[in-house]
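# sequence and predicted structure below; questions after.
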Amino acid sequence: MTPIQVLHGQPTPEELATVLAVVHSRAATRAAEGPARGPATAWTTRTARPLPPPGPHAWRTSFWAR
């Protein structure tokens, strides 16, 4: 785990312990989930292409080939 630095302020020991507990808990949860699935592609994302830019005729051009 990378070191954590306090950049601003002077937290109390209790505040610092709380933050470290949350960070440690989230890191443990992420490690338990296993490896990531890999990079997102057009097949794995929700939409295969970006939405059309907003405009008066965006609904007409939304299904045009790009």
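Now that the structure is in, tell me what you want to look at.
# send the alpha carbons of stretch 6-14 over as PDB?
In PDB, the C-alpha atoms belonging to stretch 6-14 read as follows (Å, rounded to 0.1, in the frame of the first residue of the first chain):
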ATOM      1  CA  VAL A   6      -1.600  14.600   5.400                       C
ATOM      2  CA  LEU A   7      -1.200  17.700   3.200                       C
ATOM      3  CA  HIS A   8      -3.400  20.200   5.000                       C
ATOM      4  CA  GLY A   9      -4.500  20.600   8.600                       C
ATOM      5  CA  GLN A  10      -3.500  18.700  11.700                       C
ATOM      6  CA  PRO A  11      -5.900  15.800  12.300                       C
ATOM      7  CA  THR A  12      -6.300  14.300  15.700                       C
ATOM      8  CA  PRO A  13      -5.100  10.700  16.200                       C
ATOM      9  CA  GLU A  14      -8.800   9.600  16.200                       C
END
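# contact partners of it?
The contact list for stretch 6-14, computed with C-beta atoms under 8 Å, 6 or more residues apart in numbering, reads 16, 19. Where you see a C-beta, it was placed from the backbone N, CA and C, and this is true even at glycine.
# helices along the chain, start to end?
Applying DSSP state H to the chain gives helices spanning 13-33, 58-61.
# with residue 2 as the reference, name the closest of those helices.
With C-beta to C-beta as the criterion, residue 2 lies closest to helix 13-33 of the helices of the chain, at 10.2 Å.
# what's the mean pLDDT across the closest one?
Mean pLDDT, computed over helix 13-33, is 88.
# number of nearby residues for residue 10?
Neighbours of residue 10 under the rule other C-beta atoms under 10 Å: 7.
# equivalent analysis for residue 59, please.
Neighbours of residue 59 (other C-beta under 10 Å): 9.
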